[in-house]
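Trainee: got a predicted model here, sequence first, then my questions.
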Amino acid sequence: MAELHCSVCGQSNPEDLEVCQFCGASLLPPPGAGSDPSPAIRPGEQPTRKNTGELEHALPSWLKTLRSGQDENNTPDADPDTEMPGLGKATPPADTSGDASDWLAGLDSAASEDEDEIPEWMAGLGVSTQPSFQDNTSELDNLDQVQPDADLLDLLKNAEADLAPVSGEPARGSLLNWEAPHPTTADLFPPTETNLLGTPAQEKPASEAIPSAHIPDWLETLHSKTSTHEIDPGISREEPPDWLSSLPALQPETPSPAPEFKPDWLSKLQGEGDQAGQESTPQASDPAETPGWLASLGVEAGPSATAVFTDEPAPANEANLETPDWLAQLKSDVKTATEADLHAQEFETASKPFQAEISSEPLPDWLSGIGQQDSSATGAPALVVSGESESPVETGQGAFSLETPDWLSRLRPEREPESVPATQEGNQDDADTTSLPEAELPSWVQAMRPVESVISGSAPSSSEEMGSSEGSGPLAGLRGVLPASPGFGVMRKPPAYSIKLQVNESQHRYAVQLEKMVQDEGKAREVPPVQPKANRVWRWLISAILIGSILLPVLTGTQISPELQLYPSEWARTGVLLNEFPTNSAMLLVFDYEPALSGELTASAAPVISTILLRGTRVALISTTPTGPALAEQFMESTQQDHLSRGTQVVNLGYLAGGPVGIQSFASDPLGTINLTMSGAPAWETLALQGVKQLSDFSAIIILTDNADSGRSWIEQTQADLGDTKLLLIISAQAEPMIRPYFDSGQVHGLVTGLVGGKTYEQSYNTPGLARDYWDSFGLSVLAVEMMVTAGSLWGVVKAWQNQKKNRGEA
Amino acid sequence: MPITLSWDLVTGLFSFLLTLMVLSYLIGDNLVFRVAVYLFIGVSAGYAAAVAWNQVILPRLFLPLFAGGWSSLLLLVPLILGLLMFMKLSPRTARLGSPSLALIVGVGAAVAIGGALLGTLFPQTEAVINEFALPQISAGFGSWLGRFSEAALMLLGTVSTLVYFHFSVKNASAGPQRGKLVDLLGWIGQVFVAITFGVLFAGALAAALTALIERIYFLVTFLGFSF
């Protein structure tokens, strides 16, 4: 009689059974198996060869070799756990080691031929991706690293919230599949979606699938005990029994389970659970209590799970018939749990997961979930809710193993036929879509994958990573591309990949420079220290010295400054000019200075003009500045009042507009340029200008200016029209450096400069005037200024020397 | 002695106050000093406008224009050009005043350049050359030496100062450099320029001191005259 091997537990079943009598997994061939060109390879079945010749060219050479090796070594009793090609450190079971070594050898050789070297990260995944329960056992010891206790507590809290509607009907989309009846795809999705998601439609409850004969006695006893402790009849049978609710209350009373019957790893797990329970709910950390996930693992996995929790594989009969001592102790504790009702309320939170697990009749829901889990575990999950929603097998493979990329998962050709029947079970109409050949990535596409990607956070299970296989559309044949249902259930945070940017040395250098530039932009520029303003003390001191030096001669009336012993060099020619000045001639007197310097020019020009007027000279006043005519009037009235009173002819021609242009115009055509006086009378008809028709008719042109440019303009523009007219400049001291070259060159016939020039003229003609009044103050103040300038210069030299010495000392 | 109020006293007192207000700048910039400055600027501008109207525009433009005669119609040209200058007040019509401004700038530049050439450049160059028109040594070596020294110093100062503003350089291995002779003359010219600046400072200082002396003397005189 032919036997069927369960794809989940591997146990032999009679051929007429549709459900595994040990684990409840469906033994039916996948829907559409007859028409499926690539039916699932079940244990004990020969895989049907499909015609994929058109895709052969897209396969890498090593994969071709791998396929050929599999065809040769594909045996019906191939262990599904050895489907994953051992990448480096695979430890296949002993019975299939020989076969695996063959096709692995082909893989290695093919890989070397194809020059597609396996990256290090893939090699590192080789061990973890091996779906070996032996490895998972060691990984369970490090459960806290895979799933922290906080996550477990959050999971329990979510389960508590989800168990609220359990009273009426089984919670759909419950977070914990092991604590509630596993929802069927018909409940979750429409039939069409169900087909895509791969959940079998004719899925039966585990209670019906598993014969009652296989139920352990302790479970029956447990069931009978729990049924007697129902508190609220209104609560559905999925509600936890009272004994489970009272478990925490018995914690201090119940003796701890015999440590000799508990493996070390379980003790460690309980210890960790105690720590987590103390933080949130102390009742949940009952050492006698078996964690829900552990119970689901231990029961749902069935015979296979036994291999997980024991060091050596145990037969399925032993796992079902023999009750562990710690479970027996648990039963005894339950029987004596009379105080559980008193603490049911406060322990409700922690006990709800276990209520839903144990309260089902005739079999607990967590047992009924076995079949569902087994049937759905090998296929694409209906939805990825959480790690606990996966089947025990998948949990053992994926939850405690590192993430296996989906493209790497597709390298397991034996795996897919096994998953396809489960996903397509009950979906006969979608056989074509689900039987689409798996998308195979060529080597060049694989080369485009991230080279250095690390897994951060907890690695999702392999089944979740694989996801559902798309049946239609542009993504047909790809697995895990689209989520099962967005927003349904608790979505898991996708794994984060950190991709390192590959840069060369020059790019790195440029990046560093750019970063430096950006940082420099943010820095505040150093502002040079602002020079402090002149010290007000120094200002007052200098002012006091100057004013004092000026006031001292004025107030005391003493002559501090001696008379001039050495006349200026220009005086020789200027004196001769003044001495030879013709009498009764017309003279043009130009006032081109600003009122601010009227004091200096008045003192300089007053004695000279006075001397000239003594010769009966007629005077014509003119100015190229708007204020000049007024200054001329004021000058004549204040300094030449005696001459004016004697009837000296003076005419004020006023303002000559145009600057140099006006001067040039006046020099070339005086009558046409100015025809009226300040008073509006005809200028050239006055007595002062009688006989004057042109510029050369003036006997002399005397220019009073404090501006070198103004004096230069008169010199330049009148140069060609002067004729024999003498040009005399009475200038401010500040204009001397610029005007003196014209005097030295002979363009200017006479030059009187500043107060010194006026004093020279007064002293020469012995006519004391303003120059003499100012002379003492001027001499003393100049002396004071010279001393201050000298002292300041010496102070600067000393300070510079000190700074230089200081700098040398610092150096 | 009773104080007699006179025009001289009023103007003198006003001048006295304004002088003190300006001298208050010794304690820093203050309101009194600003009032004096603003007053002086305003009075100067107003006086300048009055002078321009009374002595230029009215007697030389409008009076001849309205006096009649065909020849006076030529005055419409400066009138129009003058009115166009007012277009410069608005940015939208500023271009209309450009012809007037162009005429002023063009004529002014031409007159200034002509005057500079004929009144400064040529005469000054000739003067430097004439400095070496030395008297005969037989007339007196001392006089000849003095004239020669003066001429040489003037020539040196003129040339070295001009060389100092000569910034042409030669490309050398160590970078652009000036020739050694040019560098030496430039340094000498720098000395002359420094001396010139010193003379300018001394002249400005002497002028300022004289102005200060005149003002203080006025204050003392005013106070002595009044009290």
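Mentor: Sure thing, it's come through.
Trainee: going forward, measure contacts between C-alpha atoms and count neighbours the same way
Mentor: Noted.
Trainee: where does the chain dip in pLDDT?
Mentor: All of this refers to chain A. By pLDDT under 70, the low-scoring segments of chain A are A:1-2, A:29-61, A:63-440, A:449-468, A:480-491, A:531-534.
Trainee: other chain: chain B
Mentor: In the predicted model, chain B carries pLDDT under 70 at residues B:1-5, B:225-227.
Trainee: all helices for it, in order.
Mentor: Assigned by DSSP state H, the helices in chain B fall at B:7-23, B:31-52, B:63-67, B:76-85, B:98-116, B:122-130, B:141-164, B:180-226.
Trainee: quick one: A:V661 and B:I113 touch, right?
Mentor: No: using C-alpha atoms under 8 Å, A:V661 makes no contact with B:I113, being 11.2 Å away.
Trainee: higher neighbour count, these two?
Mentor: Higher neighbour count among A:V661 and B:I113: A:V661, with 21 against 14, using other C-alpha atoms under 10 Å in any protein chain shown.
Trainee: what distance do you get for the more buried one to A:T718?
Mentor: A:V661 sits 11 Å away from A:T718 when distances are taken as C-alpha to C-alpha, to the nearest Å.
Trainee: ditto for A:S699
Mentor: As judged by C-alpha to C-alpha, A:S699 and A:T718 stand 14 Å apart.
Trainee: which ones are touching the residue nearest to the spatial centre of chain B?
Mentor: Centroid check for chain B by C-alpha atoms, centre = their mean gives B:A204 as the closest residue, at 12.6 Å. Going by C-alpha atoms under 8 Å, 6 or more residues apart in numbering or on different chains, B:A204 touches A:733-734.
Trainee: same deal with the one 3 residues further on?
Mentor: Residues in contact with B:A207, defined by C-alpha under 8 Å, 6+ apart, are A:597, A:600, A:732-734, A:754.
Trainee: if we look at chain B, which of those are close to it?
Mentor: Here is what survives when the contacts of B:A207 are matched to chain B using C-alpha under 8 Å from any C-alpha of the partner chain: A:597, A:600, A:732-734, A:754.
Trainee: between the residues you listed, which has the most around it?
Mentor: Counting neighbours by other C-alpha under 10 Å, the top entry in those is A:S732, with 32 neighbours.
Trainee: quick check, A:Q719 in contact with B:T120.
Mentor: No: between A:Q719 and B:T120 there is no contact under C-alpha under 8 Å: 9.5 Å.
Trainee: where do the contact lists of those two overlap?
Mentor: With C-alpha under 8 Å, 6+ apart, A:Q719 and B:T120 have no common neighbours.
Trainee: what is the burial count for A:A667?
Mentor: For A:A667, the count of nearby residues is 21 (other C-alpha under 10 Å).
Trainee: how much space separates it from chain B?
Mentor: For A:A667, the distance to chain B equals 12 Å [C-alpha to the nearest C-alpha, to the nearest Å].
Trainee: list the contacts for that residue?
Mentor: Taking C-alpha under 8 Å, 6+ apart, we find A:A667 in contact with A:694-695, A:717-718, A:721.
Trainee: and these near chain B, which?
Mentor: Answer for these near chain B (C-alpha under 8 Å from any C-alpha): A:Q717.
Trainee: quick one: which of the contacts of A:A667 is nearest chain B?
Mentor: Nearest to chain B out of the contacts of A:A667 is A:Q717 (C-alpha to the nearest C-alpha; 5.4 Å).
Trainee: B:G115 is in contact with the closest one, correct?
Mentor: Yes: contact criterion C-alpha under 8 Å: A:Q717 and B:G115 qualify, at 5.4 Å.
Trainee: picking that back up, report the two of the contacts of A:A667 separated the most.
Mentor: Maximum pairwise distance among the contacts of A:A667 (C-alpha to C-alpha): 14.0 Å, between A:Q694 and A:Q717.
Trainee: comparing those two, which residue is more hemmed in?
Mentor: Neighbour tally, A:Q694 and A:Q717, criterion other C-alpha under 10 Å: the higher count belongs to A:Q717, 26 against 16.
Trainee: what comes up buried for stretch B:145-153?
Mentor: The neighbour-count check on stretch B:145-153 (16 or more other C-alpha atoms under 10 Å in any protein chain shown) flags B:147-148, B:151 as buried.
Trainee: what sits up against that stretch?
Mentor: The contact list for stretch B:145-153 (C-alpha under 8 Å, 6+ apart) reads B:128, B:131-132, B:134.
Trainee: pull out the buried residues from the residues you listed.
Mentor: Counted by 16+ other C-alpha under 10 Å, these give B:128, B:131 as buried.
Trainee: please convert the contacts of stretch B:145-153 to TSV, extending it with distance to chain A.
Mentor: Formatted as TSV, the contacts of stretch B:145-153 follow (distance: C-alpha to the nearest C-alpha, whole Å):
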residue	distance to chain A
B:V128	8
B:E131	9
B:F132	13
B:L134	15
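Trainee: format the contacts of stretch B:145-153 as TSV; extra columns: distance to B:L209.
Mentor: Output for the contacts of stretch B:145-153, formatted as TSV (distance: C-alpha to C-alpha, whole Å):
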residue	distance to B:L209
B:V128	33
B:E131	35
B:F132	38
B:L134	40
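Trainee: in strands only, show me the contacts of stretch B:145-153.
Mentor: Judged by DSSP state E, the subset of the contacts of stretch B:145-153 located in strands is empty.
Trainee: what about the top helix by length along chain A, near chain B?
Mentor: Counting residues, the longest helix in chain A under DSSP H turns out to be helix A:770-810. Yes: using C-alpha under 8 Å from any C-alpha, we find that helix A:770-810 touches chain B at A:774, A:777-778, A:781-782.
Trainee: which of those residues has the most neighbours?
Mentor: That'd be A:S777 among those, by other C-alpha under 10 Å, with 30 neighbours.
Trainee: helix or strand for the residue lying closest to that residue once chain neighbours are set aside, which one?
Mentor: In space, A:S777 comes closest to A:I550 once its chain neighbours are excluded; the distance is 4.5 Å by C-alpha to C-alpha, 6 or more residues apart in numbering or on different chains. Assigning secondary structure by DSSP states H and E places A:I550 in helix A:536-556.
Trainee: and the angle for that helix with helix B:180-226?
Mentor: Between helix A:536-556 and helix B:180-226, the angle comes out at 60 degrees (axes from the mean of the first three to the mean of the last three C-alpha atoms, to 10 degrees).
Trainee: for the very next helix or strand once past helix A:536-556, packing partners?
Mentor: Moving toward the C-terminus from helix A:536-556, the next helix or strand (DSSP H and E) is helix A:571-579. With contacts defined as 3 or more C-alpha pairs under 8 Å, 6 or more residues apart in numbering or on different chains; DSSP states H and E, helix A:571-579 has these neighbours: strand A:750-753, helix A:754-765.
Trainee: now do the SS call for A:P741.
Mentor: Following DSSP: H, G, I helix; E, B strand; the rest coil, the label given to A:P741 is helix.
Trainee: not counting its neighbours along the chain, what's nearest it?
Mentor: Among residues not flanking A:P741 along the chain, B:Q124 sits closest, at 7.6 Å (C-alpha to C-alpha, 6+ apart).
Trainee: my read is that the one you found contacts A:S745, right?
Mentor: Yes: using C-alpha under 8 Å, B:Q124 is in contact with A:S745, at 6.4 Å.
Trainee: what's the end-to-end length of stretch B:43-61?
Mentor: Taking C-alpha to C-alpha, the first and last residues of stretch B:43-61 lie 25 Å apart.
Trainee: got the contact list for that stretch?
Mentor: Stretch B:43-61 has contacts (C-alpha under 8 Å, 6+ apart) with A:626-627, A:654-655, A:657, A:676, A:678, B:75, B:79.
Trainee: and the two most separated of these?
Mentor: A:T627 and B:L75 (26.4 Å).
Trainee: the two - which one has more neighbours?
Mentor: Regarding A:T627 and B:L75, a neighbour count based on other C-alpha under 10 Å identifies A:T627 as having more, with 21 against 17.
Trainee: test my guess that that one contacts A:F591.
Mentor: No: counting by C-alpha under 8 Å, A:T627 stays clear of A:F591, with 9.0 Å between them.
Trainee: all set, thanks.
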